[in-house]
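K.L.:
just need the structure, nothing else, for what follows:
(2 chains)
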Amino acid sequence: MEFLKQPWPWYVAGPLIGLVVPALLLLGNKTFGISSSLRHICAACLPANIAFFKYDWKKESWNLFFAAGIIIGGFIATQLLSGNQTVNINPQTTALLKQEGIKRFDGLLPQDIFSFDQLLTLRGFIFIVVGGFMVGFGIRYAGGCTSGHAIMGISSLQWPSLVATCCFMIGGFAMTWFILPYLISL
Amino acid sequence: MKNIKYLFIGLLFGLVLVKSQVVSWFRIQEMFRLQAFHMYGIIGSAIVVGMISILIIKKFNIKTIHGETVIIPTKKFNWGNVYGGLIFGLGWAITGACPGPLFAQIGSGFLVISVTLLSAIAGTWVYGLLRDKLPY
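P.N.:
Down below sits the predicted model:
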């Protein structure tokens, strides 16, 4: 139990995540991916006569169960296995982030940015709302996210997924190195 | 009830995401600043294990629990993979989370991330609205 409460190393977590791929295939021919759940939610709640949301989302509802499971898993990890510890990141990263203006390093996310009282500040709005919008728009435009493209797509040797994954990384590097320092210091 | 098994797999996946700190904004920062191997190790080893699993399934023609042949749909390239990928990447470095971790963060008690999730759903919706006008 003590071992489970420590942060899990990459060589335990990565292979476990990789095993989700055959688990879903063998349980019912499902391809690993999360981002479709957002499309199903649109189709279920607000299809608004948009062709992209006119399909039988109930047939794909396994993906919503999968997403709900992730929420429960996050809850269990945090409540029973002390998941929300201070993250032991590279001291160089900490120093850089401090310099750019992050003050809180306890827990999984910097709570001086990600909290309800920051939501209506310019910085909070960009990190919480604008960032989320870009994630939701980008993944659907790209046809998948880190699980659907990077893990499932590359695992099944599909080159468009490799292209998409490279673009995820290029976008992330560009934001982190050139734009994010300004956003953090807002 | 046939979907309960996917809830269970999702639960295990969410547990791993949190315990390995993949859901941490700080870990994503470390990754994009090339200051740690952690995230690269996780994504890389997940791909290797996924790839070997698929090779085994194909080589031995392993069927699903319902006796069906495993089918993996082919992804066709379009420029959306590039444009959308770049937009997602830019957003990923801001939120520090892709869709899976968004769900896991909410479960971990960061309720403000439900706003991020709603915004991501709005982003998907706007994509659906503009889909025919976007370049591919």
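K.L.:
spatially central, which residue of the chain would that be?
P.N.:
No chain in the question, so chain A it is. In chain A, the centroid-proximal residue (Cα atoms, centre = their mean) is A:Thr146; its distance is 7.6 Å.
K.L.:
ah, I was thinking of chain B
P.N.:
Geometric middle of chain B (Cα atoms, centre = their mean) lands on B:Gly100, at 5.2 Å.
K.L.:
how far out from the middle of the chain is the helix or strand hosting that residue?
P.N.:
Assessed by DSSP states H and E, B:Gly100 sits inside helix B:99-107. For helix B:99-107, the separation from the chain centroid amounts to 10 Å (computed by Cα atoms, centre = their mean, to the nearest Å).
K.L.:
stretch B:26-45 now?
P.N.:
Stretch B:26-45 has its C-alpha centroid displaced from the chain centroid by 15 Å (Cα atoms, centre = their mean).
K.L.:
ends of that stretch, what's the gap?
P.N.:
End-to-end span of stretch B:26-45 (Cα to Cα, to the nearest Å): 21 Å.
K.L.:
not counting residues beside it along the chain, what's closest to B:Val82?
P.N.:
Sequence neighbours aside, A:Cys167 is the residue nearest to B:Val82 in space, at 5.2 Å (criterion: Cβ to Cβ, 6 or more residues apart in numbering or on different chains). From N, CA and C alone the C-beta is placed, and that goes for glycine too.
K.L.:
residue 89 is in what secondary structure piece?
P.N.:
Using chain A here. Counting by DSSP H and E, A:Ile89 is part of no helix or strand.
K.L.:
oops, I was thinking of chain B
P.N.:
Assigned by DSSP H and E, B:Gly89 belongs to helix B:80-95.
K.L.:
who are the packing partners of that helix?
P.N.:
On a contact count with 3 or more Cβ pairs under 8 Å, 6 or more residues apart in numbering or on different chains; DSSP states H and E, helix B:80-95 meets helix A:131-142, helix A:159-174, helix A:180-184, helix B:25-32.
K.L.:
packing partners for the longest helix along chain B?
P.N.:
For chain B, the helix that runs over the most residues, judged by DSSP state H, is helix B:38-59. Contact partners of helix B:38-59 among helices and strands, from 3+ Cβ pairs under 8 Å, 6+ apart: helix A:10-28, helix A:154-155, helix B:25-32.
K.L.:
ok so, going back, leaving aside the residues next to it on the chain, what's closest to the residue nearest to the centre of chain B?
P.N.:
A:Ile34 (4.5 Å).
K.L.:
noted, bye for now.
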